[in-house]
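A.B. asks: Structure for this input, please:
(4 chains)
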Protein chains: 2
Amino acid sequence: MDEFQPPGRLVTLTDVAREAGVGESTVSRVLRNHGSYSKRAGARVAEAVARLGYVPNRLAGSLAGQGASARLVGVVIPSLANVVFPDLLRGLTSALDAEGIPCVIGVSEYDPDREEALAAALLSWRPAALLLTGLEHNPGTVALARAGGVRVVEMIDTDGDGIDTVVGFSNRAVGAASARHLVARGYRRIAYLGHDLRIDVRAGKRLAGFEEALAEAGLALQAQEIRSGPSSPASGRAGLEALLARHPDLDAVYFSNDDMALGGYFACLAAGLAVPGRIALFGFNGLDFAAAMPQPLSTVRTPRLEIGRRAAACLTDQSPKKIDLGFELIEGATA
Amino acid sequence: MDEFQPPGRLVTLTDVAREAGVGESTVSRVLRNHGSYSKRAGARVAEAVARLGYVPNRLAGSLAGQGASARLVGVVIPSLANVVFPDLLRGLTSALDAEGIPCVIGVSEYDPDREEALAAALLSWRPAALLLTGLEHNPGTVALARAGGVRVVEMIDTDGDGIDTVVGFSNRAVGAASARHLVARGYRRIAYLGHDLRIDVRAGKRLAGFEEALAEAGLALQAQEIRSGPSSPASGRAGLEALLARHPDLDAVYFSNDDMALGGYFACLAAGLAVPGRIALFGFNGLDFAAAMPQPLSTVRTPRLEIGRRAAACLTDQSPKKIDLGFELIEGATA
DNA sequence: TTGAAAGCGCTAACAT
DNA sequence: ATGTTAGCGCTTTCAA
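C.D. replies: Numbering: from 1, shown residues only, chains lettered A, B, ... in the order given. This is a model prediction of the structure:
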């Protein structure tokens, strides 16, 4: 391998043009395979690129190009600690990589103000699109998104109005379906165990749908345990122990997600409580481990990867739309 | 919803200058708080920015600025399906967000050729740094990274030579420590259960260290089960069932990671096998759920977030270095 | 099919 | 303290 380039000085398109003995615009045409050029010019440019190890500068390319928008998409997610969001990114990147469009990510930690700051920061890179999570944003975020001149896609949640395009499922409907399942199975003394609803709006919507469906059946939540901090198996385990200590007569628990439910299951195993005989457990998300449990977890599978993929597909669409990808209730064996 | 902006025409710094009645460079100075300007100029610019809803164009800013490198970092990870990598990103973004530097990500799916293509694509955005995973890359990737004129940080693995800076831990040492733990606990008929080692080099290094330490104790692996596809609890469960069917006399199993081990634990629960009495289980990663299990999983906790944070910290460092963050063996109750 | 030249929106001298 | 100006590395008319 040759020695390093003098660091400040990377190979430019001008260098390639000189090396290939053609004009800059010809190099540009060859590189983007746009416009017409001779076979000979094509070959000489290809050679020069290889010889020089040229890597195009997309900063300059995007600035000069049409619309001055970059082949990048900005993505703001609330967290990386919950599998849901990496899954979303997974769907996104799998679809975007094919087009050579990378994601620029920002993590808001469920803070609307941070979300707004991140949206502004990402928009400053002039991405082709801005992807947000959920439908609840600061007014400032909405204003930025509208003024940004980019396609905006809000992912995951369809319960409400979007800025532009929305891809997801109805969290209220998930909650309602979960409640109806528990009711149909004969459970009557049902509790909710979740993490902080102020930070996770969508969990709040599920709970609202859940309670609504309970009410339709003439039932009400017997108890509710809200743990501080993020959801986790440890939190679910401690939460279920606390819940059962206070309300020994419960016969079913609806968890804010599968991680919490797994912790609940562990609590039952540790305490020797029969599931679902003594207590039924119902989760949310349909994560991998749910199906591998000795008793498959009763839960709802959400189309996380699909949401990411569809969001990517929407970037090229013309008109805004709302896409509800639905969900699947997995009966499992714990409720 | 109001109508969209005429898409082509976003507010520019020149617009702000006109609106504020000052020169462009003054606006630039105010915005970057660099150089000197009067209180009055500062105020007028701030007003104009707010009134116009100006969002700076960093494409242009980076192109014009020193070194022409963008306040972005490029990150190539092999997967988003394994918690390890989102955790890495989590550490990274938590440190970089403070500086307003977003990550541009690429997911290689454990394919070195894709990694190379992604490295080139990310480098074309002229990031301030390129972060790679592991130490094994195509020669082309290494050449790109060296010629890119950027700081390169390789994360996670310290077993080998890096391009520039390396932050991680020794996978061989993890494997060796795990084996010594099992041997010390009196297990003798030990098997390995993992996923495809050709795609996960680091799991291979752990296994090598594990076998080496076994050999030092005069022992050898009794069996080995390699599942195709990614690691998952379902794969771990099926794998342990297969392993025990073929080798009923095993007394301990070393899993390629905690997800696999969780599946193994589920297999034991389902089959009514005492853990660790009948069979001991040992994992890797120290994920959240490990500590919440009825019997805490015996595993090794890896400093994933810390690796991300330290990698971020290295970006401003002058000289290359290798940072070994170590790991922690968690005795747990399953081995 | 090709090259020359005018920007894209910004930063960084250099004047003033 | 502030304005003027020359680029940064590309793309894209426009002529040739």
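
A.B. asks: For stretch A:326-335, list every residue counted as buried.
C.D. replies: Under the neighbour-count criterion of 16 or more other CB atoms under 10 Å in any protein chain shown, stretch A:326-335 has A:327, A:329-330, A:332, A:334-335 buried. Quick note: C-beta positions are derived from backbone N, CA and C, even for glycine.

A.B. asks: how much space between the residue nearest to residue A:196 when sequence neighbours are not counted and residue A:206?
C.D. replies: Spatial nearest neighbour of residue A:196, chain neighbours left out: residue A:228 (5.9 Å); criterion: CB to CB, 6 or more residues apart in numbering or on different chains. Distance, residue A:228 to residue A:206, using CB to CB, to the nearest Å: 19 Å.

A.B. asks: Just name whatever secondary elements the host helix or strand of residue A:91 is in contact with.
C.D. replies: Per DSSP states H and E: residue A:91 is located in helix A:84-97. Judged by 3 or more CB pairs under 8 Å, 6 or more residues apart in numbering or on different chains; DSSP states H and E, helix A:84-97 is in contact with strand A:70-77, strand A:103-107, strand A:127-133, strand A:151-157, helix A:304-314, helix B:84-97, strand B:103-107.

A.B. asks: so who does the closest residue to DNA strand C within the stretch 151-300 of chain A touch?
C.D. replies: Closest approach between the stretch 151-300 of chain A and DNA strand C, counting by CB to the nearest atom of the strand: residue A:151, at 18.4 Å. By CB atoms under 8 Å, 6 or more residues apart in numbering or on different chains, the contact list for residue A:151 reads A:128-130, A:164-165, A:314-315, A:317.

A.B. asks: Could I get the full set of helices for the stretch 151-300 of chain A?
C.D. replies: Along the stretch 151-300 of chain A, the stretches classed as helices by DSSP state H, counting those that start in this stretch are A:171-184, A:201-216, A:233-246, A:258-271, A:288-292.

A.B. asks: any idea how far residue A:330 is from the residue lying closest to residue A:332 once chain neighbours are set aside?
C.D. replies: Counting by CB to CB, 6+ apart, the nearest residue to residue A:332 once its immediate chain neighbours are dropped is residue A:298, at 3.5 Å. Per CB to CB, residue A:298 is found 7 Å from residue A:330.

A.B. asks: swap in residue A:264?
C.D. replies: 16 Å.

A.B. asks: Residue A:65 too?
C.D. replies: Residue A:65 is 47 Å from residue A:330, by CB to CB.

A.B. asks: can you check residue A:30 too?
C.D. replies: For residue A:30, the distance to residue A:330 - CB to CB - is 53 Å.

A.B. asks: Just want the residue of the stretch 101-250 of chain A that's nearest DNA strand D.
C.D. replies: residue A:126 (12.6 Å).

A.B. asks: So which bits of the stretch 51-200 of chain A are right by DNA strand C?
C.D. replies: A:60, A:63-64, A:68 (CB under 7 Å from any atom of the strand).

A.B. asks: out of the residues you listed, which is most surrounded?
C.D. replies: Counting neighbours by other CB atoms under 10 Å in any protein chain shown, residue A:63 comes out on top of those with 19 neighbours.

A.B. asks: pretty sure residue A:326 contacts residue A:169?
C.D. replies: Yes - the pair residue A:326 / residue A:169 is scored as a contact, 5.7 Å apart, by CB atoms under 8 Å.

A.B. asks: Now for the two: what residues contact both?
C.D. replies: Common neighbours of residue A:326 and residue A:169 (CB under 8 Å, 6+ apart) are residue A:303.

A.B. asks: Walk me through the domains of chain A.
C.D. replies: A:11-55, A:71-167+A:303-324, A:169-299 (the TED database).

A.B. asks: In a markdown table, list those domains along with mean pLDDT.
C.D. replies: A markdown table is the format used below for these (pLDDT from 0 to 100):
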| stretch | mean pLDDT |
| --- | --- |
| domain A:11-55 | 96 |
| domain A:71-167+A:303-324 | 96 |
| domain A:169-299 | 97 |
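
A.B. asks: Hmm, residue A:268 is touching residue A:276, no?
C.D. replies: No - between residue A:268 and residue A:276 there is no contact under CB under 8 Å: 9.4 Å.

A.B. asks: So those two - more neighbours on which side?
C.D. replies: The neighbour count for residue A:268 versus residue A:276, taken as other CB under 10 Å, is higher for residue A:268 (24 against 21).

A.B. asks: Report the contact partners of that one.
C.D. replies: Residue A:268 makes contact with A:240, A:274-275, A:278-279, A:281, according to CB under 8 Å, 6+ apart.

A.B. asks: Once you drop chain neighbours, what's closest to residue A:223?
C.D. replies: residue A:191 (4.0 Å).

A.B. asks: residues near residue A:291, how many?
C.D. replies: There are 17 residues near residue A:291, going by other CB under 10 Å.

A.B. asks: er, residue A:186 actually
C.D. replies: 9.

A.B. asks: What residues are bridge-paired with residue A:191?
C.D. replies: For residue A:191, the beta-bridge partners under DSSP bridges are residue A:223, residue A:253.

A.B. asks: next one: residue A:300
C.D. replies: With DSSP bridges as the rule, residue A:300 is bridged to residue A:329.

A.B. asks: Tell me how far it lies from DNA strand D.
C.D. replies: 46 Å (CB to the nearest atom of the strand, to the nearest Å).

A.B. asks: And that residue, what's its pLDDT?
C.D. replies: According to the prediction, residue A:300 has pLDDT 98.

A.B. asks: and residue A:91, what does it touch?
C.D. replies: Going by CB under 8 Å, 6+ apart, residue A:91 touches A:304-312.

A.B. asks: Give the closest residue to it in space, chain neighbours not counted.
C.D. replies: residue A:308 (2.2 Å).

A.B. asks: The one you found and residue A:97 touch, don't they?
C.D. replies: No - using CB under 8 Å, residue A:308 makes no contact with residue A:97, being 11.7 Å away.

A.B. asks: So for these two, which residue has more residues nearby?
C.D. replies: Taking other CB under 10 Å, residue A:308 and residue A:97 do not tie; residue A:308 has more neighbours (29 against 20).

A.B. asks: rewinding a little: and the residue nearest to residue A:91, how close does it get to residue B:52?
C.D. replies: Residue A:308 sits at a distance of 34 Å from residue B:52 (criterion: CB to CB).

A.B. asks: And the residue of the stretch 51-200 of chain A closest to DNA strand C?
C.D. replies: Closest approach between the stretch 51-200 of chain A and DNA strand C, counting by CB to the nearest atom of the strand: residue A:64, at 3.3 Å.

A.B. asks: typed the wrong thing, it's the stretch 201-335 of chain A
C.D. replies: residue A:315 (21.4 Å).

A.B. asks: coming back round to it: ok, the residue nearest to residue A:332 - how many residues close by?
C.D. replies: Residue A:298: 25 neighbours (other CB under 10 Å).
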